[in-house]
Structure formats: C-alpha cells, structure tokens
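Enquirer: generate a structure from the sequence data that follows.
(4 chains)
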2 protein chains.
Amino acid sequence: MNLTLREELKAKKQAYVQDEILATAAKLFAEGGIRGVTIDDIASSLGYTKSVVYYYFKNKNQVLWEIFTKIHDAWWADMESLVKTDDPPNSMLASMIRKHALNVMDRAAWSAIYFRDQGELTDAQQKVITKRKREYDQLFKQVYQKGVEQGIFQDIPTTLVVNSIIGICNSTHAWYKSGGPLTPDRIADHYASLVLQGCCLKSTPSAG
Amino acid sequence: MNLTLREELKAKKQAYVQDEILATAAKLFAEGGIRGVTIDDIASSLGYTKSVVYYYFKNKNQVLWEIFTKIHDAWWADMESLVKTDDPPNSMLASMIRKHALNVMDRAAWSAIYFRDQGELTDAQQKVITKRKREYDQLFKQVYQKGVEQGIFQDIPTTLVVNSIIGICNSTHAWYKSGGPLTPDRIADHYASLVLQGCCLKSTPSAG
DNA sequence: AGAAATTTCGACCGGAGCGTCAACAGATTC
DNA sequence: GAATCTGTTGACGCTCCGGTCGAAATTTCT
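Expert: Predicted structure coming up:
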C-alpha cells in the first residue's frame, strides 16, 4: 500500500477517535469540572482504558486545549461570515446575537467549559484565549460602533453593550435544557430583541 | 472571669479569624479554582500553617460552604428589603437590577465562586443552593409578573426575562475591574435601563 | 507562680490521579 | 510465515494534597 495513503487513513481514523474522546470529555468536564474528572473517567465512559486516551492525546491539558480551540474556531467562522454581509448594523447585530445564542445552546457543555474553565489552561494558553475572545468581541463592537455613527444606536460605551450581549447569551448554558417549552430559536429571538430595543434609538421602530 | 462571657469573647475572636480566612480563601478560590487552591495556600497567604485553618474550620468543604451561605444571605436580605417597598413594578425592578449588579461588583471574587463553583459542593449542598437561587429568582419574577398584569411590561415568559437579567449582571464579575473608566454605578444604571427599555411597553416612557 | 484553656506547629498517613512503560494483540505488508 | 505498524493493556512510580495527631507555645484565669 502507498505510504502516504496509509498515513492518511491512519490520520482519519485517529481524528475520528479523537473527536469521540473530545465529545465525551467535554460532557464530563462540563458536569464535574476539569479537575473533578479523571482521564480514567473519560476512557471508561467510552469502554476504553486510560492508556488509550494517552495514545491519542499527549496529556490532559491537550484534551482541554483542543476543546477550547475547536469551539472557538467554529464560532469565529460563523461570526466572521455574518460580518461579511452588507446588512445594516441593526439587523446584522440581531443576526449575530441570534447566532451566538444558538451556538451556545447547541453545544452547552463545550460552552460551559469555554466560559468557566479558562483558568485551568496554562498561562500561555490563557493569553491566547483571552486574545481570541477579545477579537471575537471586537466583531460585535465594530458593528455597534457603525450603528452609533449611523445614528441608529444609542451612544453607549461599546464595552458595556458588548459585555451585556455576551453575558446574556453565555448565561444560557447554565439553565437551558433542550426539550423545554422554550425553543432555542425563541430564546435567541428574545435576546436579539431585548438588546435591540434596549440599545436602539427610539426613532428606529424597525428593530422591534 | 464569667464563663459565658469568656465563651462569648472566644466566639468573637474566632469569628474574626474565620472571616479573615474566608476572605482570603474566596480571593484565592476565585483566581485558581477550588481544587487549584490548597489549604496550605490559604493558610500561608495569611502567614499561618494549614493546621490553623483546620482549627477554625472542619474541612475544605466547610470553608467553601460558608462562602456560599454568607454571600447568599447578604444578597437575599438586600433584595427582600427592596421587594417590601411599595414602588411600582418598573422602578422596583430597576432598583433590584441595580442592587444585584452592584452586589456582584462589590464582591466579584465571591460572586465568581457563587456562580461558577456550585458543582464543587456536595449533592445535598447543591440542592440547597439551587433552591435558594430559585427563590431569589422568584423575587424578580413576581415583580415582573405584577408589571405584566398592570400592562406596563411586555408579556414575555418571566423565566426568559429573569434569566436575562441575572445573566447580564452575573457576567460582570468576569470583566469588571475596579478603577476603570466605568464606575459600578454607571454599569448598574446601564443594565437597569437596558432591561427596562427592552421589556417595558413603549407607552411607558417613565422607564427610559 | 501555677493551672487550665486556647492556639499553633510540624510531622505524618493515606488516597487519588497523572503520566510512563514494557509487553501484548491484531492487522498489514513483504 | 516473518516483520512491521497500529492499537491496547494493566501495572507501576511519583507527586500532591486533604486531613489527623500529639506536642509545644501562648494566653488567660486563679
């Protein structure tokens, strides 16, 4: 068999197992906290022994790190594509809020880790994540700022507005349970309208 | 010396040292996570050995538990006294939001623990805290419901409204740093007006 | 001063969990 | 069938940390 082809197959299989491990780890980490979950827990939850996890990952920290990078990359891609459209700031901001809220609910376990357990990373990793979160916030700030310049948003410090937005959406992971009377769409819509009503000037009923 | 008087003095001194330990523990826990901070860390941060901590507290869990109960009791008392006034729902809700936000910023370390580390408690303790948090939310829900009945608030599911409120305020602990350009009062005011504008019917400009 | 209560110390135990390692098993290639 | 690559096993070492304990030190009372 061709060498590169074999390597490719191997990589594909390993990626599959890695994803499986990451998904299980995320679920357990979210419930029990990073330190409260052992590698044994993750492995046996999949019918493996812990050596298997160490075969696919260097150590516990790498498992955690991949969770952070994977979720961030996915969210970042989503948000960047929204920003590229040429919607007006109010509908763009609404779309961004909805998307962010839906993303949080879609992967509540991963979100819980992403917002709660940054302190479990190494100092260097924390710096990277902090920077990426700032860049992510920046996307929101730019849109809001544009709306202020166009006179359709109230001139409130963008830091305050964006932190409110992120704060509302992120808190969802703490209480949202799928299957309840409130659907993710309904919740996301509410968040968008709450912020838009709360920040838009009263002369722009288009937001309501 | 009178026996009961001596006991009283002893209790008073012990309470003082306990508070000192709790304050330090809360600060360290908030930064490093519950499991990331050892009893040795707490003790040596005060110039003690860990045996001293074990003299004043049964174990690590009791230290954590007291942090939870102390902060809850303080917040509950604040909110209950606000609810007792006969202000109309809109200004009462605004006061409650402001108060909650200010409380979170006033003790950011304790708040971080209260919202982030409930999972580190025993199952029984978690049940108690969950119940108390629900009762706390209930205070907000009642006020909002009253406003809906009076026709001054939009008829949105109270769960959604209250979780938004709590979510906004609680997220503050993650980014607020005292000494910045944004004062706690300014932040609290913004939160109150954001929610009131976002939830009140447009026919009640008194909220703006 | 001497006795009693209070507080502090430092050594120690035991368990838990991370990460390693040598060996083994199964598949694949030659 | 032998050799190699891939995946898996279970046991082990090591460190860290929660919690205990007896003794020492300090303070308070008589």
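Enquirer: please count neighbours and contacts with C-alpha atoms only from this point.
Expert: Noted.
Enquirer: buried residues in the helix ranked longest in chain A?
Expert: The longest helix of chain A (DSSP state H) is helix A:3-32. Under the neighbour-count criterion of 16 or more other Cα atoms under 10 Å in any protein chain shown, helix A:3-32 has A:Q18, A:I21, A:L22, A:A23, A:T24, A:A25, A:A26, A:K27, A:L28, A:F29, A:A30 buried.
Enquirer: wait, what's in contact with the fifth one?
Expert: Neighbour list for A:T24: A:I42, A:S45, A:L46 [criterion: Cα atoms under 8 Å, 6 or more residues apart in numbering or on different chains].
Enquirer: next step: those residues restricted to helices.
Expert: Filtering those for helices - DSSP H - leaves A:I42.
Enquirer: around DNA strand C, pick out the residues from chain A.
Expert: Contact residues (Cα under 7 Å from any atom of the strand) of chain A with DNA strand C: A:1, A:6, A:35-40, A:51, A:54, A:58-61.
Enquirer: so which of the residues you listed wins on neighbours?
Expert: A:I39 (19 neighbours; other Cα atoms under 10 Å in any protein chain shown).
Enquirer: what sits against the closest residue to it other than its chain neighbours?
Expert: Excluding the flanking residues, the one nearest A:I39 by Cα to Cα, 6 or more residues apart in numbering or on different chains is A:K50, at 5.8 Å. Applying Cα under 8 Å, 6+ apart to A:K50 gives the contacts A:I39, A:D40, A:I42, A:A43, A:S44.
Enquirer: for A:F29, same thing?
Expert: Counted by Cα under 8 Å, 6+ apart, A:F29 has contacts A:G36, A:V37, A:A109, A:I113.
Enquirer: three-state assignment of whichever residue of chain A sits closest to DNA strand D?
Expert: Residue nearest to DNA strand D within chain A (Cα to the nearest atom of the strand): A:S51, separated by 3.8 Å. Three-state call for A:S51 (DSSP: H, G, I helix; E, B strand; the rest coil): helix.
Enquirer: pLDDT wise, what is it at?
Expert: A:S51 is assigned 97 on the pLDDT scale.
Enquirer: check A:M1 too.
Expert: 47.
Enquirer: domain ranges for chain A?
Expert: A:1-57, A:65-207 (automatic domain parsing).
Enquirer: and the longest one, does that touch DNA strand D?
Expert: It refers to domain A:65-207. No: between domain A:65-207 and DNA strand D, judged by Cα under 7 Å from any atom of the strand, nothing touches; the nearest distance is 12.9 Å.
Enquirer: report the mean confidence score over that domain.
Expert: On average, domain A:65-207 scores 94.
Enquirer: off-centre distance for that domain?
Expert: 9 Å (Cα atoms, centre = their mean, to the nearest Å).
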